[in-house]
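Enquirer: no FASTA, just this:
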Ligand SMILES: [Zn+2]
Ligand SMILES: [Zn+2]
């Protein structure tokens with residue numbers, strides 16, 4: 001649709017919307033947006049002097065691409081409804097917003113359109129802020145954080161120096177994942193199926209570079225353990241984190257090399273989770289890049305060629321992200337290692353499926369009890385020796401008494417056999433004793449490994465936080481002194497794609513003075529991974545001041561975050577890094593909390609026609625279009641109404657229109673009843689219809705309140721508000737006839753407006769004012785419900801057994817005959833009387849009695 005056509009559609013007025021009582025969201029929303037903008041104190045959060053309880057509600061901050069998409073609108077509508085609800089509940093609320101504004105797209109835009117990244121980014125922020133304000137989100141803009149500005153990133157640098165002082169930041173040469181399209185290094189977490197997370201079709205290459213790492217693995221155990229005490233986080237997120245941390249218990253065993261030792265020593269360390277199978281090990285297998293392999297190949301050209309071939313196979317499988325399914329190839333080195341448990345000579349092989357960066361780069365191969373080893377041994381004719389048998393319950397199964405299991409046999413509820421003094425032990429017992437034996441004899445020990453690797457934060461890109469380190473020919477590596485922070489990112493440079501950081505070409509920035517010796521030094525030209533920025537931004541929201549990262553006292557007041565809301569795609573990277581950062585800051589003495597967020601909610605995606613919205617699929621719905629056509633309230637409320645917030649939402653324009661019509665009905669109802677005088681309603685004598693409205697009102701308040709407290713099924717509670725309006729409209733003739741007390745009508749519509757406020761704040765404000773209210777609805781107490789009034793009316797019924805009244809039961813006024821029959825038969829007294837007897841007939845006389853006829 002062309003621009004002109006789409007704006008025509010926007011200004012089309014729905015036929016039923018014409019006339020003086022038309023609901024005009026544009027007029028209402030622009031009026032209130034103006035008032036809110038003029039009152040900077042409105043959403044301002046501050047630690048409370050009246051000792052109200054605090055509530056920190058946080059939505060994940062966006063990358064400022066320039067436009068909000070519907071996924072953002074959904075995320076922020078959930079957070080905003082919650083924030084408004086908590087304000088009405090009387091909490092002191094912190095609800096901030098900011099910009100995760102370093103990163104690649106700004107550089108790519110610079111390459112494409114020749115706009116400086118800073119200018120591009122700040123423009124985008126301005127545009128998105130306008131959109132957010134138009135949508136009516138209640139952010140405290142005085143707390144805004146923009147990560148690409150020096151007042152923020154200087155603290156990234158400050159934290160980096162603290163990490164470095166404590167040995168938690170270090171530099172090492174390492175193989176890195178390299179995306180040729182991004183022209184930078186990717187963390188392991190950013191490689192998806194062998195491809196770049198941003199470029200789904202670009203194969204990630206391996207390169208060797210000097211890189212900065214953060215020692216997140218120091219916290220691996222704590223990151224894992226705390227997950228058991230985080231009931232407010234979704235199980236799926238905790239499971240993903242547990243798998244990512246990947247703790248495994250096992251044993252480290254050293255095998256001595258037979259024959260001459262080379263430069264890499266005379267031992268091969270192997271990590272195994274199944275040390276109980278070590279008597280079944282019939283070979284040692286090394287990764288092609290294992291240091292010992294270089295020793296072996298230095299004297300054997302043929303072996304060198306074969307290993308090179310294996311390495312090529314491994315790399316190409318790695319690039320395709322498919323090492324797991326590689327066709328297993330290997331080569332015998334001609335060398336042997338000695339099994340320290342039985343003194344046997346084991347052939348040493350090099351295999352293409354053993355990775356140097358996993359474990360120690362060497363394994364003991366136990367073909368009888370491992371799928372991969374079995375496949376390899378079959379292919380190359382290696383020995384296969386059974387050392388584990390299934391345990392038969394109730395009898396001590398010993399070697400020879402049992403048929404051999406199908407190989408490879410990997411069962412854990414088993415016994416160890418053919419294993420010297422360990423034969424006959426249960427597998428877990430054998431693991432303990434064998435690890436202890438290895439430790440006693442100084443060739444091994446029980447140990448724990450983690451899949452989690454240290455966090456590589458070096459990026460060879462321009463638009464990120466400069467790493468505050470210097471290289472001096474005399475002094476070596478020198479940290480930038482704290483008082484010289486921030487190291488400002490230079491403004492004027494050519495952003496180009498190259499193998500090195502574009503910063504390397506800014507000579508007058510790179511060359512500086514060594515703070516130690518006064519000689520010439522070079523600056524580090526790598527910048528930090530942007531996940532550093534988002535690891536602690538929510539602390540800065542509490543008080544973004546120039547002289548420190550945050551005020552620990554304020555942080556102590558607001559933290560932990562009470563509710564964090566964002567996409568499940570951040571379950572691993574962002575949410576593990578920010579947990580790590582919190583623990584590091586706690587150990588620095590800056591914060592007292594162990595975890596950043598008490599509760600986490602991950603909302604579903606917004607899809608259209610069954611697919612994620614994307615430009616390439618042409619199924620993007622623009623929030624601006626929706627706001628122009630139906631208003632911000634309808635757009636926001638639809639994102640909450642169309643599906644439970646944790647599920648995917650399939651976008652339907654007609655659904656937004658439906659919400660728009662509903663809000664129009666609310667608007668016109670209130671317009672017709674602004675004159676109703678309020679007053680006491682709980683003790684009014686009511687007609688049955690009026691009583692029904694009263695009951696519905698209290699039921700709806702209960703429902704919406706319960707949902708905010710627990711399930712967050714805003715779709716069903718919005719539906720309940722719709723039903724309440726239906727009930728009110730249906731009663732209008734009765735109201736006109738004077739059969740419904742005006743005070744009840746006044747109460748119902750006032751409370752309906754209060755319930756609507758978190759979902760449709762603009763309209764709620766307008767209606768509140770139409771009723772003559774001068775108070776701010778945002779601070780108006782949330783309506784309470786009366787449990788007695790919410791209860792369905794009940795009547796008492798007598799229950800007869802064979803003509804004699806034996807019990808009395810309470811049933812709902814509108815209960816069906818079936819449910820009355822069930823209730824009567826389930827009554828304790830009646831159960832006793834009918835037990836063991838045959839019920840021939842149950843007669844229900846509605847509103848009066850139940851008669852049960854027994855045989856005999
Ligand atoms: Zn890429
Ligand atoms: Zn120096």
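Expert: Structure's in. What do you need? Since the model is a prediction, treat every value here as computed from it, not as a measurement. Ligands and ions are numbered 1, 2, ... in the order given.
Enquirer: How about the residues of the chain by ligand 1?
Expert: Neighbours of ligand 1 within the chain, by Cβ under 5 Å from the ion: 179, 181-182, 196, 198-199. All C-beta atoms are positioned from the backbone trio N, CA, C, and that covers glycine.
Enquirer: so where's the stretch 301-450 of the chain shaky on pLDDT?
Expert: 321, 392-404 (pLDDT under 70).
Enquirer: what ranges do the strands span in it?
Expert: 330-338, 345-351, 362-365, 388-390, 414-416, 444-450 (DSSP state E, counting those that start in this stretch).
Enquirer: Rebuild those strands as JSON lines, extending it with distance to residue 777 and mean neighbour count.
Expert: Converted to JSON lines, those look like this (distance: least, Cβ to Cβ, whole Å; neighbours: other Cβ atoms under 10 Å):
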{"stretch": "strand 330-338", "distance to residue 777": "73", "mean neighbour count": "20"}
{"stretch": "strand 345-351", "distance to residue 777": "69", "mean neighbour count": "21"}
{"stretch": "strand 362-365", "distance to residue 777": "66", "mean neighbour count": "24"}
{"stretch": "strand 388-390", "distance to residue 777": "69", "mean neighbour count": "21"}
{"stretch": "strand 414-416", "distance to residue 777": "67", "mean neighbour count": "24"}
{"stretch": "strand 444-450", "distance to residue 777": "51", "mean neighbour count": "17"}
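Enquirer: Residue of the stretch 301-450 of the chain closest to ligand 2, please.
Expert: Proximity of the stretch 301-450 of the chain to ligand 2 (Cβ to the ion) peaks at residue 357, 34.0 Å away.
Enquirer: quick one: that residue from residue 332, how far?
Expert: Distance, residue 357 to residue 332, using Cβ to Cβ, to the nearest Å: 24 Å.
Enquirer: What of residue 721?
Expert: Applying Cβ to Cβ to residue 721 and residue 332 gives a distance of 75 Å.
Enquirer: cool, residue 418 as well?
Expert: From residue 418 over to residue 332 (counting by Cβ to Cβ), the distance is 24 Å.
Enquirer: ok, residue 169 touching residue 157?
Expert: No - contact criterion Cβ atoms under 8 Å: residue 169 and residue 157 do not qualify, at 11.2 Å.
Enquirer: Please, which helix or strand holds residue 56?
Expert: Using DSSP states H and E, residue 56 maps to strand 54-59.
Enquirer: beta partners for residue 603?
Expert: Bridge pairing for residue 603 (DSSP bridges) gives the partners residue 567.
Enquirer: count of neighbours near it?
Expert: Neighbourhood size, residue 603 [other Cβ atoms under 10 Å]: 26.
Enquirer: Kindly report the same for residue 180.
Expert: For residue 180, the count of nearby residues is 15 (other Cβ under 10 Å).
Enquirer: which residues does it contact?
Expert: Neighbour list for residue 180: 202, 205 [criterion: Cβ atoms under 8 Å, 6 or more residues apart in numbering].
Enquirer: Does residue 601 belong to a helix, a strand or coil?
Expert: Of the three states, residue 601 takes strand under DSSP: H, G, I helix; E, B strand; the rest coil.
Enquirer: Assess the claim that it and residue 82 are in contact.
Expert: No - taking contacts as Cβ under 8 Å, residue 601 lies outside contact range of residue 82: 9.0 Å.
Enquirer: Would you mind listing the residues touching both of these two?
Expert: 563, 565.
Enquirer: re the thing from before, dump the residues of the chain next to ligand 1 into TSV; add neighbour count as well.
Expert: Output for the residues of the chain next to ligand 1, formatted as TSV (neighbours: other Cβ atoms under 10 Å):
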residue	neighbour count
179	21
181	16
182	22
196	21
198	16
199	15
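Enquirer: just those now: which is nearest ligand 2?
Expert: Using Cβ to the ion, residue 182 comes nearest to ligand 2 of the residues of the chain next to ligand 1, at 33.7 Å.
Enquirer: Wait, the residue of the stretch 301-450 of the chain closest to ligand 2 touches residue 175, no?
Expert: Yes - Residue 357 lies in contact with residue 175 (Cβ under 8 Å); the separation is 6.9 Å.
Enquirer: who has more neighbours, the two?
Expert: Counted by other Cβ under 10 Å, residue 357 and residue 175 do not tie: residue 175 has more neighbours, with 15 against 11.
Enquirer: Wait, a strand at the more buried one?
Expert: Yes - Residue 175: assigned to a strand according to three-state DSSP.
Enquirer: Next, the contact list for it, please.
Expert: Residues near residue 175 by Cβ under 8 Å, 6+ apart: 206-208, 357.
Enquirer: And residue 285, by the same measure?
Expert: 330, 348-351, 354, 362-365, 376.
Enquirer: Which SSE is immediately downstream of the host helix or strand of it?
Expert: Under the criterion of DSSP H and E, residue 285 resides in strand 283-286. Counting by DSSP H and E, the element after strand 283-286 in chain order, helix or strand, is helix 291-297.
Enquirer: Burial check on residue 780, number of neighbours?
Expert: Residue 780 is flanked by 17 other residues according to other Cβ under 10 Å.
Enquirer: All the helices of the stretch 701-850 of the chain, residue numbers only.
Expert: Along the stretch 701-850 of the chain, counting by DSSP state H, counting those that start in this stretch, helices occupy 714-730, 732-736, 742-756, 761-770, 787-790, 817-826, 828-834.
Enquirer: Poorly predicted segments of this structure, please.
Expert: Where the chain drops to pLDDT under 70, the residues are 1-18, 189, 321, 392-404, 496-500, 856.
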